[in-house]
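Enquirer: Generate a structure from the sequence data that follows.
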Amino acid sequence: MKSSKEVSMKSFPLSVSLPGLVLMALAGCHKSKPPAPVPQVSVVTAQAQTVPLTRQLVGRLSSYYNANVTARVSGVLLKRTYAEGSQVQRGQLLFQIDPAWYQAQLDNDVALLAEDQATYINDRVTAERNHKLLPVGSVSQQTVDNADAAERSAAAKVKADQAIVDSARLYLSYTRVTSPISGVAGQQQVTEGAVVGSSNSDAGAGGTLLTTVQQLDPVYVNFTISAADLITLRQAQSAGSVALAQQNATTVQISLPNGSRYGRLGTLDFSDVTVNATTGAVNLRALVANPAHELLPGMYVTLTVALGRQNDVFLIPQQALQRDTVGAYLLVVGQDGKVARKNVSATASQGTDWIVTGGLANGDQVIVVGLQTVQEGGQAKASPWQPPATPASTTSAPAPSEPAPGSSPAAGKAQ
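Expert: Got it, this is the predicted structure:
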């Protein structure tokens, strides 16, 4: 009899090898996998347009006029005649310096003037009399000449005395310290009873600072722009991609330190022609109305400067732009449905959009939603992107369960 081992070996065809048997078994156990679905993405169509050219800068406020009120003569400060921090008018009395010495000096100079005027009158009468006596031989020609010389000398002395009187009267007027401009007078720097004045009273310079007066309507906004940025803008204007506004048409929107916007626009009124050697920036200045004195000198503010307009740029939602070590880029869906990368230039924004100045073309389908599901070179199915609705239009506040006594249902829903 044949063994069972010999029978089992003969039951399989000799042409079937062991690896073939394994592959046949695996093929029977596993079914073929279906192809992966094409990712769905939302896209926006790039369209070139013209948008405002703006820059976000930081500025500092300064007063329109800032005048130091100083003592122009020496003396004891008697009183202050204004309320600190109040509005004053040009020529208004602010301080009174003791005028006693200057009044006495003026009285003395006036008396000397009167004495010399009397001498001049006497010399003039004498000269006139001698001129009448000269033809009859009662006086000599020498006497007439001496009388004329005395008259001229007396007249000159009167003029000199008059100048001294005018000077003394001027110094007396300086004891009344008035405001040189209209504005807000600041804090008093010297108290009553202190000796004020100048080390050189005759020149009226270097006097003691008493207070300052600042005109706060309008005010200046001082800021800078880098020389490199300015050159780039001017080169872009020459190329036609940027149109810069004239100086008097360049507006400035101020954002206050608390984040709120100031209600009035400023206008650029000064642009320096030199570059600061230390900072490498150009100084600019804008003028803005300040009737309520809401803007205060020395305050730092954020500025949105409208320099003109940018031509042929693209507004792309911020979530569509990505960055890596190469730079900024966008993913677009081509006509063949394949995803492609486009390196772009985007350094500024407007609202919730990036301003793309290079790297895109009209009609490009830029992916906004679904960036994580696609890869460069892969397939994607595009549909138009819809901006999200504002919360006010999609949600409603719940009505209160029990309105407060005396309140209307409308008041409760408006909360």
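
Enquirer: Surely residue 164 forms part of a helix?
Expert: Yes - for residue 164, which was evaluated using DSSP: H, G, I helix; E, B strand; the rest coil, the result is membership in a helix.

Enquirer: How many residues are close by it?
Expert: 17 (other Cβ atoms under 10 Å). No exception for glycine: its C-beta is placed from N, CA and C like everyone else's.

Enquirer: residues touching it, list them.
Expert: If you count contacts by Cβ atoms under 8 Å, 6 or more residues apart in numbering, residue 164 has them with 109, 112-113.

Enquirer: Report the buried members of those residues.
Expert: Buried residues within those, defined by neighbour count using 16 or more other Cβ atoms under 10 Å: 109, 113.

Enquirer: With secondary structure and distance to residue 180 as extra columns, can I get the contacts of residue 164 in JSON lines?
Expert: What follows is the contacts of residue 164, written out as JSON lines (DSSP: H, G, I helix; E, B strand; the rest coil; distance: Cβ to Cβ, whole Å):
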{"residue": "109", "secondary structure": "helix", "distance to residue 180": "27"}
{"residue": "112", "secondary structure": "helix", "distance to residue 180": "33"}
{"residue": "113", "secondary structure": "helix", "distance to residue 180": "31"}
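
Enquirer: what's the helix or strand for the most centrally placed residue in the chain?
Expert: For the chain, the residue sitting closest to the mean C-alpha position, by Cα atoms, centre = their mean, is residue 59 at 3.7 Å. Assigned by DSSP states H and E, residue 59 falls within strand 49-70.

Enquirer: How about residue 111?
Expert: In this structure, residue 111 is located in helix 100-133 according to DSSP H and E.

Enquirer: And that helix, what's buried?
Expert: Neighbour counts over helix 100-133 (16+ other Cβ under 10 Å) mark 101-102, 105-106, 109-110, 113, 116-117, 119-120, 123-124, 126-127, 130 as buried.

Enquirer: Tell me who's in contact with residue 117.
Expert: If a contact means Cβ under 8 Å, 6+ apart, then residue 117 has 158, 161 as its contacts.

Enquirer: I'd say residue 247 and residue 271 touch.
Expert: Yes - taking contacts as Cβ atoms under 8 Å, residue 247 lies within contact range of residue 271: 6.1 Å.

Enquirer: which one in the buried residues of helix 100-133 is the model shakiest on?
Expert: Within the buried residues of helix 100-133, residue 130 has the lowest pLDDT, namely 83.

Enquirer: contacting residues for it?
Expert: The neighbours of residue 130, taking Cβ under 8 Å, 6+ apart as the test, are 139, 143-144, 147.

Enquirer: Now a ChimeraX select for only the buried ones of those.
Expert: Buried members of the contacts of residue 130, defined by 16+ other Cβ under 10 Å, are picked up in ChimeraX with:
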select :139,144,147
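
Enquirer: Tell me which of the contacts of residue 130 has the lowest pLDDT.
Expert: Ranked by pLDDT, the contacts of residue 130 bottom out at residue 139, which scores 78.

Enquirer: Not counting residues beside it along the chain, what's closest to that one?
Expert: Closest residue to residue 139 in three dimensions, ignoring its sequence neighbours and counting by Cβ to Cβ, 6 or more residues apart in numbering: residue 133, at 4.6 Å.

Enquirer: Let's see the pLDDT reported for the one you found.
Expert: You'll see residue 133 listed with a pLDDT of 83.

Enquirer: What mean pLDDT does the strand or helix carrying residue 210 get?
Expert: Counting by DSSP H and E, the secondary-structure element that holds residue 210 is strand 209-226. The predicted model assigns strand 209-226 a mean pLDDT of 93.

Enquirer: Taking strand 49-70 as reference, get the angle to the helix or strand that comes right after that strand.
Expert: Per DSSP H and E, the first helix or strand lying C-terminal to strand 209-226 is helix 227-239. Between the axes of helix 227-239 and strand 49-70, defined by axes from the mean of the first three to the mean of the last three Cα atoms, to 10 degrees, the angle is 140 degrees.

Enquirer: and helix 227-239, what other elements does it pack with?
Expert: strand 242-244, strand 281-288 (3 or more Cβ pairs under 8 Å, 6 or more residues apart in numbering; DSSP states H and E).

Enquirer: would CSV of the ones you listed with mean neighbour count be doable?
Expert: Below are the helices and strands packed on helix 227-239 laid out as CSV (neighbours: other Cβ atoms under 10 Å):
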stretch, mean neighbour count
strand 242-244, 17
strand 281-288, 19
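
Enquirer: To residue 79, which of these lies closest?
Expert: In terms of Cβ to Cβ, the element of those nearest to residue 79 is strand 281-288, at 36.8 Å.

Enquirer: Outline the domain layout of the protein.
Expert: Annotated domains of the chain cover 53-62+217-384, 72-97+177-207, 99-174 [automatic domain parsing].

Enquirer: what's the span of the last one, first residue to last?
Expert: In other words, domain 99-174. The first and last residues of domain 99-174 sit 9 Å apart, counting by Cα to Cα, to the nearest Å.

Enquirer: Now do that domain: distance to the chain's middle.
Expert: Averaging C-alpha positions (Cα atoms, centre = their mean, to the nearest Å) puts domain 99-174 63 Å from its chain's average.

Enquirer: What distance do you get for the nearest residue to residue 162 once chain neighbours are set aside to residue 93?
Expert: Leaving aside its sequence neighbours, residue 162 sits nearest to residue 113 (Cβ to Cβ, 6+ apart; 6.1 Å). Per Cβ to Cβ, to the nearest Å, residue 113 is found 28 Å from residue 93.
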